[in-house]
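# Have a look at this fold, sequence not included:
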């Protein structure tokens, strides 16, 4: 609570009420009710890279996609990473029933996001856009996975680990050419899609967004939308195709299931296995399902 009080002071806000926002895993998010009755949100990212990344993405996308408006930014000090002051969007996370119309809209908005080209494969930092090594998305993906092997080996059953490594190599070799560089969200799931009824009201949480290949954004769409809500896949794809062509999903989904789950297991290890047991078990189940173990 100390950090939010500091930020309220730095941003010179007249606040009537402060409310913690649950289910915000990487950053701290607070809903503030100002003295005049207006609701706003303060987001305190996990590190400064995420602060600059989200700020640049929201500024790039404003007026084109329904993203939060940045009202102010504080660049932090020695003890706090900084914060974004964001206007509230009238909507709720899309965690309930999803019909075909809503699925079509979500597919359309993801395609609109992917239509934004970036200077290369890379991400925003404080001093500008940093390209990946050799501007190579496949090299970046491969190196990430190599870095995740050791921490995952410490946690996973040895037989499951070995099957994942074999499956990764097979699926990686089957990937099509990267589709990009374009803006990719990196966490495109129902919790980050706000809706009013069956209309998309907003898309939030761009702290991990970057210039990448569109293929990576379909992993959580498949896991949390298509597999949970039968009948949504076709209208989603139709909505996406109304803006841009759809890539060969059958080539990319098997690979990114393992890639994303490995990433999540390392995240749980770094942020604390005990307090992230549910998320850890979910991703272990994903790995078992992916390799038939």
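Happy to help now that I have it. Quantities reported herein were computed from a predicted structural model and do not represent experimental measurements.

# now the helices for the stretch 51-200 of the chain?
Under the criterion DSSP state H, counting those that start in this stretch, the stretch 51-200 of the chain contains helices at 100-114, 137-155, 158-173.

# right, so those helices: which one is the most enclosed?
Comparing the helices of the stretch 51-200 of the chain by mean neighbour count (mean count of other Cβ atoms under 10 Å), helix 100-114 ranks first with a mean of 21. Bear in mind the C-beta positions are built from the backbone N, C-alpha and C, glycine included.

# re the thing from before, same list (the helices of the stretch 51-200 of the chain) but as TSV, adding mean pLDDT.
Below are the helices of the stretch 51-200 of the chain laid out as TSV (pLDDT from 0 to 100):
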stretch	mean pLDDT
helix 100-114	98
helix 137-155	97
helix 158-173	94
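
# between those helices, which gets nearest to residue 40?
Closest to residue 40 of the helices of the stretch 51-200 of the chain, according to Cβ to Cβ: helix 100-114, at 23.3 Å.

# What is the closest one packed up against?
Counting contacts by 3 or more Cβ pairs under 8 Å, 6 or more residues apart in numbering; DSSP states H and E, helix 100-114 is packed against strand 182-184, strand 199-203, helix 233-241.

# avg pLDDT for the last one?
The pLDDT scores in helix 233-241 average 98.

# Next, the angle helix 100-114 makes with it.
40 degrees (axes from the mean of the first three to the mean of the last three Cα atoms, to 10 degrees).

# quick one on the thing from earlier: using a markdown table, lay out the helices of the stretch 51-200 of the chain together with distance to residue 234.
A markdown table is the format used below for these (distance: least, Cβ to Cβ, whole Å):
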| stretch | distance to residue 234 |
| --- | --- |
| helix 100-114 | 8 |
| helix 137-155 | 28 |
| helix 158-173 | 24 |
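
# Confirm for me that residue 86 is in contact with residue 69.
Yes - contact criterion Cβ atoms under 8 Å: residue 86 and residue 69 qualify, at 6.9 Å.

# Give me the below-cutoff pLDDT ranges for the chain.
Filtered on pLDDT under 70, the chain yields the residue ranges 1-2, 24-25.

# now the strands for it?
Counting by DSSP state E, the chain has strands at residues 15-20, 28-34, 39-44, 70-74, 83-87, 92-93, 122-125, 128-131, 182-184, 193-196, 199-203, 210-212.

# The ones you listed: which one's closest to residue 152?
Between residue 152 and the strands of the chain, the shortest gap by Cβ to Cβ is with strand 210-212, which sits at 21.8 Å.

# neighbouring contacts of the closest one?
The contact list for strand 210-212 (Cβ atoms under 8 Å, 6 or more residues apart in numbering) reads 53, 118-124, 129, 137, 180-184, 186.

# Ok, stretch 127-140 next?
When contacts are defined by Cβ under 8 Å, 6+ apart, stretch 127-140 is touched by residues 118-124, 143, 175, 178, 180-181, 211-213.

# check contacts around the residue nearest the centre of the chain.
The residue lying closest to the centre of the chain (Cα atoms, centre = their mean) is residue 187, at 1.8 Å. Taking Cβ under 8 Å, 6+ apart, we find residue 187 in contact with 205, 208, 220.

# Return the member of these nearest to residue 19.
Among the contacts of residue 187, residue 205 lies closest to residue 19 (Cβ to Cβ), at 17.8 Å.

# Just among the contacts of residue 187, which is most surrounded?
Neighbour tally across those (other Cβ atoms under 10 Å): the maximum, 24 neighbours, falls on residue 205.

# Name the nearest residue to it, ignoring sequence neighbours.
The shortest distance from residue 205 to any non-neighbouring residue, by Cβ to Cβ, 6 or more residues apart in numbering, is to residue 192 (4.5 Å).

# can you check residue 186 too?
Per Cβ to Cβ, 6+ apart, closest to residue 186 is residue 208, 3.9 Å.
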